[in-house]
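**Student:** Need a 3D model of the sequence below.
(4 chains)
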2 protein chains.
Amino acid sequence: MGKGGQPRVLLVEDEPAQRTVLAYNLEAEGFAVTQADNGEDAMVLVDEEEPDIIILDWMMPKVSGIEVCRRLKMRPETRGIPIIMLSARAEEVDRIRGLETGADDYVVKPYSVLELMARARAQLRRVRPSTAGVVLEHEDIRLDPESHRVYRGEKVLKLGPTEFKLLVTLMERPGRVFSREQLLDLVWGRDIYVDTRTVDVHVGRLRKSLMQHGGADPVRTVRGAGYALG
Amino acid sequence: MGKGGQPRVLLVEDEPAQRTVLAYNLEAEGFAVTQADNGEDAMVLVDEEEPDIIILDWMMPKVSGIEVCRRLKMRPETRGIPIIMLSARAEEVDRIRGLETGADDYVVKPYSVLELMARARAQLRRVRPSTAGVVLEHEDIRLDPESHRVYRGEKVLKLGPTEFKLLVTLMERPGRVFSREQLLDLVWGRDIYVDTRTVDVHVGRLRKSLMQHGGADPVRTVRGAGYALG
DNA sequence: TTGGACTGTTACGTATCCGTCGCATAGGCT
DNA sequence: AGCCTATGCGACGGATACGTAACAGTCCAA
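**Tutor:** Okay, the predicted model is just below:
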């Protein structure tokens, strides 16, 4: 891993517009992004940058994404790097072939940037499950994912499962504004249908829980946008 | 044993990513880790480092894990060292068993790091019924793995085999929340099919046993997540 | 064989939590 | 100010997770 935090991602996509958008979003998510617009450069950059994860377009001139993927999965020193393939086609055949070449996940265009992000994080978690000892902190709030405990100052807070997950999500990126849709994705799960107003209610409950022993409201409402911590 | 405490583990795995992840987790768990990425180095390091336990990948270039295992189990001075084999496929486990290489345990990839850790500790307990220091303690509960006895305060507790294993698992990482699935893996074993609700029942029985002479309930239920000690 | 100890499953009661609705209130725009 | 929309929040019915007693099956020792 890129040492103290930022996971490194190598983004390989030949179309400049899409690549730029993706790079922007990935950086906003806290990734350190290296870009390549063709397979040959990608192969070189893998060795130079040692990325933690690779996002790879399927269709590219010269060396195709699938070819890059196959080569990387053949070399022992790069085999462990998770690869997410992007493809314009939804056909199942492609999916199967993509996974056969050793890609670890597969996203079909047009994809939700948020979904791609989530899958990237999922892959990183899979390879590096070591959340051991990590305690999330923000101001006087401490959250230990391992013991599932939340403290504010010295007091232990009691919160329900959804409140807990919500707080984890917010604390993973303090200051960042999450839209209701993003929170639904991240906390509730991708394919659950619930009203976006439900998020408001749970934020309210989380607020109450966080202030159950006094203290200021650490959750910020950004009108028209969503919620953030601090 | 590595004298003053830290058990020494020799980790043999050719893929750098996986080896790094594992080494990190093992060190976080209190092991002193020596790494090797091939069988030849491993054979040398066994003599130099005298590890307490060896974690060995099955598929490796040149000298395979299975070969290393066989050689080590032939030499009297290394035969006693427990070996845990890692293999990529479930079918290989059968082959390993069939070949009677003498490995002491097997874990199939993708494995839960937690499970691997637990199995390593289990092997150490088996080989090293050492007296001092291995007594698990948490608050007023003391557990001696060797004599299979559990005390609460001064009183001796009587618990069944499953309750005992469950308590051992929980006491090895007090505070940590274990999901029902993890507990099934760690206490019952990976290929046993039992309903996850069975865990609830046994936790209940463990609770009753722990409180048979009074005292507070030391087991914490984390709704939607699992159980933890303290 | 009989009895006891232990296990896994089931069923049911209960406490907690969830998602939605309705209305009050706050913020922004003209 | 007046209007409109977004958000806060209490309340409620329903769903869900958990605790536990009861039961049947297994194993083993007397």
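
**Student:** Roughly how far does the residue of chain A found nearest DNA strand D sit from A:V194?
**Tutor:** In chain A, the residue found nearest to DNA strand D is A:T221; the distance is 3.6 Å by C-beta to the nearest atom of the strand. (C-beta placed from N, C-alpha, C; glycine too.) Here A:T221 is placed at a distance of 19 Å from A:V194 (C-beta to C-beta, to the nearest Å).

**Student:** These two: who's more crowded?
**Tutor:** Between A:T221 and A:V194, counted using other C-beta atoms under 10 Å in any protein chain shown, A:T221 has the larger neighbour count: 14 against 11.

**Student:** who does the more buried one bridge with?
**Tutor:** Applying DSSP bridges to A:T221 yields these beta-bridge partners: A:Y227.

**Student:** Am I right that A:K165 is in a helix?
**Tutor:** Yes. If the criterion is DSSP: H, G, I helix; E, B strand; the rest coil, then A:K165 is within a helix.

**Student:** How far does stretch A:58-67 stretch from one end to the other?
**Tutor:** From the first residue to the last, stretch A:58-67 extends over 9 Å; the measure is C-alpha to C-alpha, to the nearest Å.

**Student:** same thing with stretch A:140-147?
**Tutor:** 18 Å.

**Student:** Looks like A:F164 contacts A:S147 (just checking).
**Tutor:** No. Assessed by C-beta atoms under 8 Å, A:F164 is found out of contact with A:S147, at 11.6 Å.

**Student:** measure the residue of chain A closest to DNA strand D to DNA strand C for me?
**Tutor:** Summarising the geometry, the distance separating A:T221 from DNA strand C, computed by C-beta to the nearest atom of the strand, to the nearest Å, is 8 Å.

**Student:** A:F164 and A:S147: who's more crowded?
**Tutor:** For A:F164 and A:S147, the more surrounded residue by other C-beta under 10 Å is A:F164, and the numbers stand at 24 against 18.

**Student:** For that one, give me its contacts.
**Tutor:** When contacts are counted by C-beta atoms under 8 Å, 6 or more residues apart in numbering or on different chains, A:F164 is found next to A:148, A:150.

**Student:** Ok, the one 5 residues further on next?
**Tutor:** Under the criterion of C-beta under 8 Å, 6+ apart, the contact list for A:T169 reads A:178, A:183, A:186-187.

**Student:** Can you verify my assumption that A:V46 contacts A:L10?
**Tutor:** Yes. A:V46 sits in contact with A:L10 when judged by C-beta under 8 Å, with a separation of 6.4 Å.

**Student:** between the two, what contacts are shared?
**Tutor:** With contacts taken as C-beta under 8 Å, 6+ apart, A:V46 and A:L10 have A:I54 as neighbours in common.

**Student:** What is the burial count for the residue lying closest to A:E15 once chain neighbours are set aside?
**Tutor:** Spatial nearest neighbour of A:E15, chain neighbours left out: A:D57 (7.7 Å); criterion: C-beta to C-beta, 6 or more residues apart in numbering or on different chains. For A:D57, the number of neighbouring residues by other C-beta under 10 Å comes to 27.

**Student:** Look at A:Y193 and tell me its secondary structure.
**Tutor:** Three-state assignment for A:Y193 (three-state DSSP): coil.

**Student:** According to the record, where do the domains of chain A fall?
**Tutor:** Under the assignment automatic domain parsing, the domains of chain A span A:8-127, A:136-229.

**Student:** State the mean pLDDT of the first one.
**Tutor:** Looking back up the chat, that one is domain A:8-127. Taken as a whole, domain A:8-127 has an average pLDDT of 76.

**Student:** hang on, the earlier thing: highest mean neighbour count out of the domains of chain A?
**Tutor:** Compared across the domains of chain A, domain A:8-127 shows the largest average neighbour count, a mean of 18 (mean count of other C-beta atoms under 10 Å in any protein chain shown).

**Student:** quick check, distance from that one to the centre of its chain.
**Tutor:** Taking C-alpha atoms, centre = their mean, to the nearest Å, the mean C-alpha location of domain A:8-127 is offset from the chain mean by 14 Å.

**Student:** Now for the nearest residue to A:R176 once chain neighbours are set aside: which residues touch it?
**Tutor:** Using C-beta to C-beta, 6+ apart and skipping the chain neighbours, the partner closest in space to A:R176 is A:A228 (5.9 Å). Neighbouring residues of A:A228 by C-beta under 8 Å, 6+ apart: A:170, A:174-178, A:219-220, A:222.
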